[in-house]
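*Asks:* Pasted the sequence and its predicted model underneath.
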Amino acid sequence: MINCALCGASDSQVVQLRDIFLWRSCQQQWLCAECESHFQWIGETHCSTCGRLTHQLKETLCADCCRWLENRQWQPHNYSLVTYNEGFKRWLIQLKGVGDIRVASYFSPQLQKIYQQYREAIWVPIPSSSHNLQTRGFNQTTVILAEAKIPYQELLIYPTETQKQALRTRQERLSRTNPFEWNPNIVHQHIEEPIVLFDDVYTTGMTIYQAEQVLKQHQINVVQSITLAR
């Protein structure tokens, strides 16, 4: 019997001896059924470009994407698994705030299914700022991909940060200068493989947009972004 990582409730599922030695095999048992029920999975009715849950046909653009198209002549190509609701926030706080990396594997089965569609692509995790990396001790995007057994390359770095993203207003997020840079530890070469960007949350789209701009400066083509929540 184990306790749910989010609410502490006991789970009566049996953990076999082999699971103790092969910890990854029982990775989804860290959340109870009640906490799992609080995730809102995004189905077929979503924005065709950013993945936002809508009540319209998926071919329809949401208001955010219409603004991106009008103001910057850019459209995202993003797919998200769940909505950014209270259930997901609790999970994210447990991972990033508490540092409980046990929960990082929760979305692994869904990410593996997506990975099968983009096996030929290079997956690039959105980096954490140097400050967050030092404080937290890990970058949540690389931990999540590692738990899902998805290979990745850290082509980007985030060397400085003046204010946490979560503390910024929407306008501040949209007007910030690009914080990303090419990773100097990677010798630049001509990359022909398509790129899949990966992040935990899609909020305004600015993070994906700015990461994509840096890669485009190096003639690298981003074909898709995958985020856990929208």
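*Replies:* Okay, I see it.

*Asks:* wait, doesn't residue 78 sit right on residue 226?
*Replies:* Yes. Residue 78 is in contact with residue 226 according to Cβ atoms under 8 Å; the separation is 7.4 Å. Just so you know, the C-beta spots here come from the backbone N, C-alpha and C atoms, and that holds for glycine as well.

*Asks:* which residues of the protein score low on pLDDT?
*Replies:* Applying pLDDT under 70 to the chain flags the ranges 1, 11-29, 56-59, 161-175, 188.

*Asks:* how about the helices in it?
*Replies:* Per DSSP state H, the chain carries helices over the ranges 17-21, 33-36, 63-72, 86-92, 108-117, 130-136, 140-147, 170-175, 206-217.

*Asks:* How about the contacts made by residue 74?
*Replies:* By Cβ atoms under 8 Å, 6 or more residues apart in numbering, the contact list for residue 74 reads 68, 209.

*Asks:* for it, phi and psi?
*Replies:* Main-chain torsions, residue 74, degrees, to the nearest 10: phi -130, psi 140.

*Asks:* Let me know the distance separating it from residue 63.
*Replies:* Counting by Cβ to Cβ, to the nearest Å, the separation of residue 74 from residue 63 is 15 Å.

*Asks:* Residue 6 too?
*Replies:* Distance from residue 6 to residue 63, by Cβ to Cβ: 32 Å.

*Asks:* Next: residue 223.
*Replies:* Separation of residue 223 from residue 63 (Cβ to Cβ): 24 Å.

*Asks:* For those two, indicate the residue with more neighbours.
*Replies:* The residue with more neighbours, out of residue 223 and residue 63, is residue 223; 12 against 9, by other Cβ atoms under 10 Å.

*Asks:* Just give the nearest non-adjacent residue to the more buried one, would you?
*Replies:* residue 194 (4.1 Å; Cβ to Cβ, 6 or more residues apart in numbering).

*Asks:* Tell me which residues touch that neighbour, please.
*Replies:* Contacts for residue 194 (Cβ under 8 Å, 6+ apart) come out as 118, 120, 121, 122, 221, 222, 223, 224.

*Asks:* Among those, which are located in strands?
*Replies:* Judged by DSSP state E, the contacts of residue 194 include 122, 222, 223, 224 as members of strands.

*Asks:* quick one: which of those residues is nearest residue 111?
*Replies:* Distance to residue 111, by Cβ to Cβ, is smallest for residue 224 among the ones in strands among the contacts of residue 194, at 12.8 Å.

*Asks:* thought the closest one was touching residue 197?
*Replies:* Yes. Counting by Cβ under 8 Å, residue 197 is a contact partner of residue 224 at 7.5 Å.

*Asks:* Compare those two and say which one has the larger neighbour count.
*Replies:* residue 197 (26 against 18).

*Asks:* Give the closest residue to that one in space, chain neighbours not counted.
*Replies:* With sequence-adjacent residues excluded and distances taken as Cβ to Cβ, 6+ apart, residue 197 is closest to residue 225, at 4.1 Å.

*Asks:* Dig out what that neighbour forms beta bridges with.
*Replies:* Listed beta-bridge partners, residue 225: residue 78, residue 197 (assigned using DSSP bridges).

*Asks:* Spit out the contact partners of it.
*Replies:* Residue 225 makes contacts with 76, 77, 78, 79, 196, 197, 198, 199, 202, 208, 212, as judged by Cβ under 8 Å, 6+ apart.

*Asks:* With residue 201 instead?
*Replies:* With contact taken as Cβ under 8 Å, 6+ apart, residue 201 is in contact with 84, 92, 227, 228, 229, 230.
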